[in-house]
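Student: predicted model and sequence below, questions to follow.
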Amino acid sequence: MPILHLIKYIYKTVRKTMTAIHSYSKKYTESTQTSPEYLLKLAHEVLTIEMDGIETIRERLGNTFVEALLLLSSCKGRVIVTGVGKSGLVGRKIAATFSSTGTPAFFMHPVEGAHGDIGSLKSSDLILSISNSGETPELNAIVPTIKSFGTPMIALTSVLNSTLAKAANVVLHTEVPKEACPHGLAPTASTTAVLALGDAIAVCLMSLKSFTEKDFLRYHPGGMLGQRLTLSVTEVMRTDGLPTVHLGTSQCNALKTLDKGGLGVVLIIDKKNTVCGIITDGDVRRSICYNRLKQDAPVEQIMTPRPKCGKPQDTIAILLDIMEQKAITVLPIVDDNYKLLGIVHIHDLLGKGTIIFSDR
């Protein structure tokens, strides 16, 4: 009996100890998994997995991708993107990108398609189907109808021998090494890779179709993009209180005007209001460094003659290009005779100054 009691005692003690260890381990794990260090590490791992997925797709690109591009670029009708769940959401974005970059496209949900929407399909259209497994019932249910219309189909799927892949004219293999979801269930890396592949297709189609900035404007008349491409500089330039001095003005007075103007420049004009030169903050600093700054000397000694200027018919996009190429932040606006009309600062063009663009 004493031995039996001893065994029971040992068993109870071990059980209590194991329960305590398990409870402590659970609390420690929960505490660890909510720490900033753990969360940052997890986020890094997720992004690494998603980058690996995109890299896998990139390395897999080949003749099949080019074949898909040629099929898309030769489409005389519309590109109809379809998919279910997360694939459907990705498909909506791909269709929107296509439409805004010169490839007419729209999204059709397979269920809606099966209930009448597929009736708008034409043989001149093209179907872009997205399914990770290639066995999505709702999607595969409309495949026979698609084929009956004689409409070509491109499939984006991870399974090359799937039902969807076998029915497609061209298959783009979208399998990724693993999902970022710790359980391997939630579509994460796979949907990111397909989304990136859709962008690659859209940009390549832009190149094939010689899609220009003017074409882009036709599809983006509103919002910041449209305003930058269409808005004339006369609608944003400053015309009052311009920082100007005349030829022969002393450097001292020119610097006072530069400081008062608040734009980092002073323009030098003649009696006919023609822009003859410009002095910038940088010019002043260089003049000080090389001991060229003389208070009573005329501005002509330190100004930059015939500065780069914009024209009143220029758009915001043109002026931004000039500023980027010349690494400058201010442009005088002049007419064909170089007479000063106004001045524009880069902040005016980017919506931080006298004009605020709508954020669409």
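Tutor: Everything's here; your move. Because the structure is predicted, anything quoted here is derived from the model rather than measured.
Student: can you give me the neighbour number for residue 60?
Tutor: 14 (other Cβ atoms under 10 Å). Placement of C-beta: from N, CA and C, glycine included.
Student: show me what contacts it?
Tutor: residue 173 (Cβ atoms under 8 Å, 6 or more residues apart in numbering).
Student: poorly predicted segments of this protein, please.
Tutor: 1-11, 14, 16-18, 20-32, 217-218, 220-230, 351-360 (pLDDT under 70).
Student: can you give me the strands in it?
Tutor: 79-83, 105-107, 126-130, 153-157, 170-173, 244-246, 265-269, 275-280, 304-305, 330-334, 340-345 (DSSP state E).
Student: can I get those strands in CSV including mean neighbour count?
Tutor: Converted to CSV, the strands of the chain look like this (neighbours: other Cβ atoms under 10 Å):
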stretch, mean neighbour count
strand 79-83, 27
strand 105-107, 20
strand 126-130, 27
strand 153-157, 26
strand 170-173, 22
strand 244-246, 18
strand 265-269, 25
strand 275-280, 21
strand 304-305, 12
strand 330-334, 23
strand 340-345, 21
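Student: of these, which is nearest residue 61?
Tutor: Residue 61 lies closest to strand 170-173 among the strands of the chain, at 8.9 Å (Cβ to Cβ).
Student: what strands flank the closest one, and is each parallel or antiparallel?
Tutor: strand 153-157 (parallel) (DSSP bridges).
Student: and the angle for the strand it pairs with with strand 79-83?
Tutor: Relative orientation of strand 153-157 versus strand 79-83 (axes from the mean of the first three to the mean of the last three Cα atoms, to 10 degrees): 30 degrees.
Student: span of stretch 124-138 from start to end?
Tutor: Length of stretch 124-138, first residue to last, Cα to Cα, to the nearest Å: 23 Å.
Student: export the strands of the chain as TSV, with columns for distance to residue 209.
Tutor: Below are the strands of the chain laid out as TSV (distance: least, Cβ to Cβ, whole Å):
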stretch	distance to residue 209
strand 79-83	13
strand 105-107	13
strand 126-130	15
strand 153-157	17
strand 170-173	19
strand 244-246	47
strand 265-269	42
strand 275-280	41
strand 304-305	42
strand 330-334	33
strand 340-345	33
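Student: how's this structure carved up into domains?
Tutor: According to automatic domain parsing, the chain comprises the domains 1-31, 52-211, 233-349.
Student: and the ones you listed, which is most packed in?
Tutor: domain 52-211 (a mean of 18; mean count of other Cβ atoms under 10 Å).
Student: measure that one end to end?
Tutor: 31 Å.
Student: check stretch 207-215 too.
Tutor: The first-to-last residue distance of stretch 207-215 comes to 12 Å (Cα to Cα).
Student: in a markdown table: the domains of the chain, plus distance to residue 46.
Tutor: As requested, the domains of the chain are exported to a markdown table (distance: least, Cβ to Cβ, whole Å):
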| stretch | distance to residue 46 |
| --- | --- |
| domain 1-31 | 19 |
| domain 52-211 | 4 |
| domain 233-349 | 35 |
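Student: of these, which is nearest residue 41?
Tutor: Nearest of the domains of the chain (Cβ to Cβ): domain 52-211, 12.5 Å.
Student: that closest one: how far from the chain's middle?
Tutor: Centre-to-centre, domain 52-211 and its host chain are 21 Å apart (Cα atoms, centre = their mean, to the nearest Å).
Student: before we move on, what about stretch 257-267?
Tutor: Worked out by Cα atoms, centre = their mean, stretch 257-267 lies 36 Å from the chain centre.
Student: now swap in stretch 298-306 and tell me
Tutor: So, by Cα atoms, centre = their mean, the centroid of stretch 298-306 is 42 Å from its chain's centroid.
Student: ok, stretch 34-48 next?
Tutor: Centre-to-centre, stretch 34-48 and its host chain are 24 Å apart (Cα atoms, centre = their mean).
Student: buried ones in it?
Tutor: Judged by neighbour count using 16 or more other Cβ atoms under 10 Å, the buried positions of stretch 34-48 are residue 46.
Student: report the separation between residue 299 and residue 249.
Tutor: 5 Å (Cβ to Cβ, to the nearest Å).
Student: for residue 219, which of the domains of the chain is the nearest?
Tutor: Among those, domain 52-211 comes nearest to residue 219, with 5.0 Å by Cβ to Cβ.
Student: now do the helices in the stretch 1-150 of the chain.
Tutor: Assigned by DSSP state H, counting those that start in this stretch, the stretch 1-150 of the chain shows helices spanning 2-32, 36-60, 63-73, 86-100, 110-114, 137-140, 143-148.
Student: repeat that for the stretch 151-300 of the chain.
Tutor: Using DSSP H, counting those that start in this stretch, the helices of the stretch 151-300 of the chain run over residues 163-167, 189-208, 213-219, 223-230, 251-261, 281-289.
Student: okay, those in TSV with distance to residue 151 next?
Tutor: Listed next are these as TSV, based on distance: least, Cβ to Cβ, whole Å:
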stretch	distance to residue 151
helix 163-167	11
helix 189-208	18
helix 213-219	24
helix 223-230	32
helix 251-261	63
helix 281-289	61
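Student: looking at those, which is nearest to residue 346?
Tutor: With Cβ to Cβ, the closest approach to residue 346 among the helices of the stretch 151-300 of the chain belongs to helix 223-230: 12.4 Å.
Student: one step back: out of the strands of the chain, which comes closest to residue 53?
Tutor: By Cβ to Cβ (comparing all of the strands of the chain), the closest turns out to be strand 170-173, at 12.4 Å.
Student: mind putting the helices of the stretch 1-150 of the chain into TSV with distance to residue 330?
Tutor: Conversion of the helices of the stretch 1-150 of the chain to TSV gives the following (distance: least, Cβ to Cβ, whole Å):
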stretch	distance to residue 330
helix 2-32	54
helix 36-60	39
helix 63-73	43
helix 86-100	33
helix 110-114	54
helix 137-140	56
helix 143-148	57
